[in-house]
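Engineer: Turn this into a structure:
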Amino acid sequence: MIYITAGEDTVLSRKKLNELLSEKKNIVRLDGKKISIAEFDEALLGINLFSDSKTIVVESFAKLKPEVKVWELLEKFEKERKIDIILWDEVDLAKKKFPKSVRVFNFAFPKFYYAFLDGFEPSSKKTLELLREVLKTFEPEQVLYGLVRRVRQLLIMQSNSYSDFSEFKRMQSWQISKLKKQANLWSEEQLKKAFLELADLDEKIKTSNLSMPLASHLDIVLLSDLN
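Structural biologist: You can find the predicted model right below:
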């Protein structure tokens with residue numbers, strides 16, 4: 001069986017991945033960011049030598065190209081071995097089509113979550129109001145991830161090198177224009193400061209070094225960066 005768990009809400013997609021793996025044994029992990037399609041083919045052949053390999057996890061699978069070849073290899077391998085293959089990525093796959101035999105779990109953010117990210121502007125009290133509203137529904141970790149990603153996008157926009165990044169190639173022209181407009185509201189120094197503060201929070205979460213609840217830290221960081 002082939003499963004896909006993906007979407008911009010990486011907290012929920014990761015949670016689903018862990019849920020799918022909770023009763024699995026003999027797990028083999030591959031990283032689509034680090035291997036070419038040829039290396040992926042070789043990895044599958046290598047795994048095929050061991051009959052006790054029951055579950056394969058491919059992280060960032062959408063980075064592997066060409067897509068057609070990826071699916072040829074996956075479907076052939078799954079059919080021959082009759083094993084589970086679980087694919088994870090942070091991209092939104094709502095509009096993608098997959099074989100009917102594939103179970104897809106796509107975790108996208110609702111519109112009001114994007115309203116919060118779009119409203120991330122300096123000297124904006126509304127952003128703080130939206131933060132507190134979003135935290136009523138979402139986990140603080142989900143909010144932190146969205147902010148880190150948005151600030152990184154704005155920094156890339158200011159560098160005028162966005163066309164070199166795959167995530168921007170998937171965007172519509174109106175999305176690019178909206179990000180450019182938002183980026184122009186900030187100075188490079190402001191965005192770098194915000195990015196470093198948010199990245200520091202992310203690191204402290206991973207090392208269990210937060211001095212107070214994450215929601216409180218987010219409130220303080222935004223209060224500092226927006227004023």
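Engineer: Break down this protein into its helices, ranges please.
Structural biologist: Using DSSP state H, the helices of the chain run over 10-21, 37-47, 67-81, 111-118, 125-134, 140-159, 166-169, 173-183, 188-206, 214-225.
Engineer: The nearest residue to Phe168 once chain neighbours are set aside: how many residues sit nearby?
Structural biologist: Closest residue to Phe168 in three dimensions, ignoring its sequence neighbours and counting by Cβ to Cβ, 6 or more residues apart in numbering: Tyr162, at 4.4 Å. C-beta coordinates here come from the backbone N, C-alpha and C atoms, glycine included. Residues lying near Tyr162 (other Cβ atoms under 10 Å) number 19.
Engineer: about what we covered before: now, of the helices of the chain, which is deepest in the fold?
Structural biologist: helix 140-159 (a mean of 19; mean count of other Cβ atoms under 10 Å).
Engineer: doesn't Val91 make contact with Arg170?
Structural biologist: Yes - at 7.4 Å, Arg170 counts as touching Val91 under the criterion of Cβ atoms under 8 Å.
Engineer: Comparing these two, which shows the higher neighbour count?
Structural biologist: Val91 (18 against 11).
Engineer: Now do the contacts for that one.
Structural biologist: Applying Cβ atoms under 8 Å, 6 or more residues apart in numbering, we find Val91 in contact with Ala6, Gly7, Glu8, Ala62, Glu167, Arg170.
Engineer: Mind doing that once more with 10 Å?
Structural biologist: Ala6, Gly7, Glu8, Ser13, Ser60, Phe61, Ala62, Lys63, Asn106, Ser166, Glu167, Arg170 (Cβ atoms under 10 Å, 6 or more residues apart in numbering).
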